[in-house]
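[1] Structure for the following, please:
(2 chains)
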Amino acid sequence: MTRIATARNDRGSAAGNAVEVHGIVKHYGATKALDGVDLTVQEGTVLGVLGPNGAGKTTLVRVLSTLIKPDAGTAFVGGYDVLRQPKQLRRTIGLTGQYASVDELLSGYENLYLIGRLLDLPRREAKARATELLERFSLTEAAKRPAKTYSGGMRRRLDLAASMIGRPRVLYLDEPTTGLDPRTRNEVWDEVQRMVAEGTTVLLTTQYMEEAEQLADELTVIDRGRVIANGLVADLKAKVGGQTLQVRPVDPGELPRMARCLHDTGITTATYSADTGLLAVPITGEEQLTAVIGVLGGHGFAIAGIDTKVPSLDEVFLAITGKPASADAAPSLVKEPVA
Amino acid sequence: MTTATLAPAVRAEDSRIGLAGTLRHVGALTRRNLMRIKADPESMFDAVLMPIIFTVLFVYVFGGAMAGSQDDYRQYLVPGLLGQTGLTLAMAVGTGLNTDFQTGVMDRFRTLPIGRASVLLSKIVAETLRGLLSFAILIGFAMCIGFEVRTGPLEVLATIGLALLFGMSIVWISMLLGMALRSAQAVQGVAMLVLMPMQFGSSIFARTDTMPGWLQSFTKINPLSALADASRALLNGEGAVAHPVMIVLVWSAAVTAVFAPLAVARFRKRT
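    Coordinates of the predicted model:
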């Protein structure tokens, strides 16, 4: 059995894959949280796992961190089997969850020192590493305060620091910025980019296309426990359209007619929402932007405002599957896809 | 497509943590448990103040009425309170464990290369330390208000050892509750529900021979009665020692034999 594991290990490193997942299935009763997921993360890159709430992202991360056992399939991290070599695997990973899992009663320093000791660092080294990471994550001043007094951003940073203690080769970030304000979100992004620059492999789950675009090299889009698309972020972006043009007509009643006009001229991806009073058109480049404006202007629609934005998760799903994301949460911009 | 059969085999040999590693992990986690107490001193109220409150309350309020004199009652009550204190502290383990699961701290520990027993063991070590402090306070305070150990220091140690041993077996029940119930409050509630009849339906506070027959049949099998009788025999030097001690030992072994595997299985399932 050991030999098989070693063979796997060699194959894993030869292929340069830090994470290899094949056909992972996880049921909870009748619900299939994961329904045959395949994915790979190349050493030193960032894979974004994009999906709505309940898509199975957290379940996937929990399988890959040995917190739960899959019902079927295989998964290797750093060449180690999640089922057969959990202890070795745990030495290669760091996990920052959606819910910052630090001990609230302990100070920032004590939290990090504890984890250092549990990772078998000698006392002095655990001390030094804790101090170093507190410094790096700008928590030195708050080092002695209990973590419960920290702000949301500080707590998330402490959680990141905690997952970095053992210098993991592979870092899982499970929705690292959910619930954070934009400034704090940017801080977390900066930190993640720094870790990636230092060579850490990252598997990042997110609900935000913007975050995936910002941090990931490759994307795997999952929905209802299945992979529905994967590829380079640039390729997916091209497919989705990179940006979305939003047009607000003076009279929302004209929205259907606007969409139809665009459709007639071959721009079939336009959608609109009566609720928001917006027409949304994914655009891939300047030409298309000009074309859309030209069509709308040509038909004499009175326009109150225009704006461009990064596509929402819903728009990504629409572009890939032709139907909106299955999530019950996340208010949908796209109510009625035309075409 | 089932992979359950693939599971073990490799796991054991190249991932063994070893005794030194486990001791280090338990040490670090115990330190954490003690730091938590330091950060939240109110959590020591049960260990520090409860023995004093119970002693004062029962000796002065009920003492005269129950045993004729406060002196006699003090001598009767204090040994039994040792067992009760051990029981109360044992029940606190489950609450702590529940909190760790709820807050996600347990998930963090479980992604670290440590033996899963380390987390449980460190809770037991920390509670034992709390228990020792609690016993010292109880005996010290009782002696201040006139309680006397009529035997010797060896008997005191034996009494404390017996109370700790019994508390240790109850820890497994506590852990099981901590993992089975949803919230820390629920754990505390159920613990109270179990503790109250156990404590008062025993010979800790009053002689059982005045109780009605149906209650006596409960107090007789209640291990807390045996623990209280054994402690009294050990500290006061009156009555048979061997018999109640044996009963406590058998109870401790039986409770551990039943609940330790259940608690560990539950822990494995959840982790």
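[2] Is chain B within reach of the stretch of helix or strand A:K87 belongs to?
    With secondary structure defined by DSSP states H and E, A:K87 is part of helix A:86-92. Yes - using C-beta under 8 Å from any C-beta of the partner chain, helix A:86-92 reaches chain B at A:P86, A:K87, A:Q88, A:R90, A:R91. Heads up, the C-betas are built off the backbone N, CA and C, glycines and all.
[3] Quick check, A:T178 in contact with A:T96.
    No - using C-beta atoms under 8 Å, A:T178 is not in contact with A:T96, being 11.4 Å away.
[4] Low-confidence stretches in chain B?
    Chain B contains residues with pLDDT under 70 at B:1-16, B:271.
[5] ok, now the stretch 201-339 of chain A?
    A:238-242, A:311-313, A:315, A:321-339.
[6] Can you give the distance from the helix or strand hosting B:I137 to the centre of its chain?
    Assigned by DSSP H and E, B:I137 belongs to helix B:117-144. Offset of helix B:117-144 from its chain centre (C-alpha atoms, centre = their mean, to the nearest Å): 9 Å.
[7] so what does it touch, helix or strand wise?
    Packing partners of helix B:117-144 (3 or more C-beta pairs under 8 Å, 6 or more residues apart in numbering or on different chains; DSSP states H and E): helix B:18-39, helix B:45-56, helix B:70-103, helix B:153-180, helix B:242-270.
[8] So for B:L121, which of the ones you listed sits nearest?
    Among the helices and strands packed on helix B:117-144, the nearest to B:L121 by C-beta to C-beta is helix B:18-39 (4.9 Å).
[9] in the stretch 201-339 of chain A, which spans are helices?
    Secondary structure of the stretch 201-339 of chain A (DSSP state H, counting those that start in this stretch): helices at A:209-215, A:233-240, A:255-264, A:286-298, A:313-321.
[10] same for the longest helix anywhere in chain A, what does it pack against?
    Secondary structure of chain A per DSSP state H: the longest helix is helix A:182-197. With contacts defined as 3+ C-beta pairs under 8 Å, 6+ apart, helix A:182-197 has these neighbours: helix A:152-164, strand A:201-206, helix A:209-215.
[11] Including mean neighbour count and distance to chain B, could the helices of the stretch 201-339 of chain A go into a markdown table?
    Formatted as a markdown table, the helices of the stretch 201-339 of chain A follow (neighbours: other C-beta atoms under 10 Å in any protein chain shown; distance: least, C-beta to the nearest C-beta, whole Å):
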| stretch | mean neighbour count | distance to chain B |
| --- | --- | --- |
| helix A:209-215 | 22 | 21 |
| helix A:233-240 | 18 | 27 |
| helix A:255-264 | 18 | 44 |
| helix A:286-298 | 15 | 45 |
| helix A:313-321 | 22 | 25 |
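[12] Spit out the contact partners of the closest residue to A:V49 other than its chain neighbours.
    Spatial nearest neighbour of A:V49, chain neighbours left out: A:T205 (4.5 Å); criterion: C-beta to C-beta, 6 or more residues apart in numbering or on different chains. Contact analysis of A:T205 by C-beta atoms under 8 Å, 6 or more residues apart in numbering or on different chains lists A:G48, A:V49, A:L50, A:G51, A:K57, A:T58, A:L60, A:V61, A:Y172, A:L173, A:D174, A:E175.
[13] what's the first one in contact with, if anything?
    With contact taken as C-beta under 8 Å, 6+ apart, A:G48 is in contact with A:L204, A:T205, A:T206, A:E211, A:A212, A:L215, A:A216, A:E218, A:L219, A:T220, A:V233.
[14] Phi and psi next, for whichever residue of the stretch 101-250 of chain B sits closest to chain A.
    Nearest residue of the stretch 101-250 of chain B to chain A, counting by C-beta to the nearest C-beta: B:G104, 3.4 Å away. Backbone torsions of B:G104, given as degrees, to the nearest 10, read phi 90, psi 0.
[15] Was I right to think it contacts A:L95?
    No - under the criterion of C-beta under 8 Å, B:G104 makes no contact with A:L95, lying 10.2 Å away.
[16] Of the two, which one has the most company?
    Per other C-beta atoms under 10 Å in any protein chain shown, whichever of B:G104 and A:L95 has more neighbours is A:L95, with 27 against 17.
[17] For the more buried one, list each beta-bridge partner.
    Taking DSSP bridges as the rule, A:L95 bridges to A:Y172.
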